[in-house]
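Trainee: structure of the sequence below:
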Amino acid sequence: MFIPIKKLNTNTMQPDYLQSARKQFEYYKMLGEKTFAQLTDEQLFWQYNTESNSIATIVKHLWGNMLSRWTDFLTTDGEKASRKREAEFDNDITDRAELMQKWNEGWQCLFTAIDSVNGDNIDTTIYIRNMGHTVTEAINRQLAHYPYHIGQIVFIGKMALNEQWASLSIPRGNSEVYNAGKFAKPKHKEHFTDEFLGGEKK
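Mentor: Below is the predicted model of the structure:
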């Protein structure tokens, strides 16, 4: 017997996806900022060894990538001719203020681009180095890339602070207590709420 496959309601899926992707980006932005807040200015520029990147260098790379990928997101290739990727790993950020300026500029470019996507342009083909992507694929590509580097930022913060690090997740040894509190509450329908913006995904 033939069983037809239920067609997805893309009109509903598109705004739900865009909202979910935006919240995920906001969450990882928050993790980076909670790490910055714990560190001294000197620690933002600390390198574990000569082959590793400092937090400042990672921020410069994210900034360069974000401006390239998200500027004119729907109309131009995501790898801009003006981008100097190799220079992103040769850090010349001088202080916390400049670091935060680049950090915020990159994220603002990203959020502006996502907010520009709607039902009329969701089917646009996005090119990155001449390779075609759907809008969803282009967003997912960066949603995989940026958390990779945010994880590096958090890990460097933990190494720099050692025992003075304030956990962004469930503190070690508290998992059972945390889970008991969660399961003591009634179920709710929200899949990803503002609760997650208080720290790492629990």
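Trainee: quick check: what element follows the helix or strand where Gly32 lies along the chain?
Mentor: For Gly32, the element it lies in under DSSP states H and E is helix 10-38. Sequence order places helix 55-70 as the next helix or strand after helix 10-38, per DSSP H and E.
Trainee: re earlier: which other helices and strands does the helix holding Gly32 contact?
Mentor: helix 55-70, helix 96-115, helix 135-161 (3 or more Cβ pairs under 8 Å, 6 or more residues apart in numbering; DSSP states H and E). Quick note: C-beta positions are derived from backbone N, CA and C, even for glycine.
Trainee: just checking, next helix/strand downstream of the second one?
Mentor: The helix or strand immediately downstream of helix 96-115 is strand 126-128, counting by DSSP H and E.
Trainee: so which elements touch that following strand?
Mentor: strand 131-133, helix 135-161.
Trainee: can I get those in a markdown table with distance to Trp107, mean pLDDT and mean neighbour count?
Mentor: Formatted as a markdown table, these follow (distance: least, Cβ to Cβ, whole Å; pLDDT from 0 to 100; neighbours: other Cβ atoms under 10 Å):
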| stretch | distance to Trp107 | mean pLDDT | mean neighbour count |
| --- | --- | --- | --- |
| strand 131-133 | 21 | 98 | 13 |
| helix 135-161 | 9 | 97 | 17 |
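Trainee: now stretch 167-175: mean pLDDT?
Mentor: Stretch 167-175 comes out with an average pLDDT of 79.
Trainee: for the protein, what are the low-confidence residue spans?
Mentor: 1-13, 188-202 (pLDDT under 70).
Trainee: what separation do you get for the nearest residue to Arg85 once chain neighbours are set aside and Gln164?
Mentor: Take Arg85 and drop its neighbours on the chain: the residue closest to it by Cβ to Cβ, 6 or more residues apart in numbering is Gly64, 6.5 Å away. Distance, Gly64 to Gln164, using Cβ to Cβ, to the nearest Å: 31 Å.
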